[in-house]
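Q: next come a sequence and a model predicted from it.
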Amino acid sequence: NIIELLDLPNEMILSIMNKVKPQAILFCSIINIGNHRLEQLALDKCYSIDLSFDYYHSPYELLLKRFYSDVLPRLYNNIQSLTITLKNLLYIDAAIKAIDDEILPNLRHLKILAGRRRHYTGTPFTISKL
């Protein structure tokens, strides 16, 4: 017998979603793919987004560009907490201006990091050339 992702209960799917790092990959993989159930689970989960991972020195660079152009407009109203690096600030600003003049209407917490996470470990921060 084969069990597919969609056969699992929502709680198990959410548990799997919580394991996916970086978050932008999860959102790019689920938002706008045509599966309403998975998309709704992801949208319900996207109140807090961490974009501090060093995407630009990883194989995820194209996904991050898709995140800003296609996915962020869908998450726009849900975001309450956002963590970004200085390097991502310009990309976020451009994406938000393309969506609407209002800046993230439900944003309650913003964390801007001066460095970036090392893509091998994902935890220590280093100061980069900006």
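A: Looks like it arrived, so ask away.

Q: please count neighbours and contacts with C-alpha atoms only from this point.
A: Noted.

Q: tell me how far residue 50 lies from residue 5.
A: 25 Å (C-alpha to C-alpha, to the nearest Å).

Q: who has more neighbours out of these two?
A: Using other C-alpha atoms under 10 Å, the more surrounded residue of residue 50 and residue 5 is residue 50, with 16 against 12.

Q: once you drop chain neighbours, what's closest to that one?
A: Of all residues not flanking residue 50 in the chain, residue 83 sits nearest, at 4.6 Å (C-alpha to C-alpha, 6 or more residues apart in numbering).

Q: show the subsequent helix or strand relative to the one helix or strand that neighbour maps to.
A: Counting by DSSP states H and E, the element that carries residue 83 is strand 81-85. Past strand 81-85, further along toward the C-terminus, the next helix or strand under DSSP H and E is helix 86-99.

Q: what is that next one packed up against?
A: helix 72-75 (3 or more C-alpha pairs under 8 Å, 6 or more residues apart in numbering; DSSP states H and E).

Q: may I have the helix it packs on as PDB, with CA atoms only?
A: What follows is helix 72-75, C-alpha atoms only, in PDB (Å, rounded to 0.1, in the frame of the first residue of the first chain):
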ATOM      1  CA  LEU A  72       4.700  37.000  -1.100                       C
ATOM      2  CA  PRO A  73       1.600  38.500  -2.700                       C
ATOM      3  CA  ARG A  74      -0.500  35.600  -1.400                       C
ATOM      4  CA  LEU A  75       1.100  35.700   2.200                       C
END
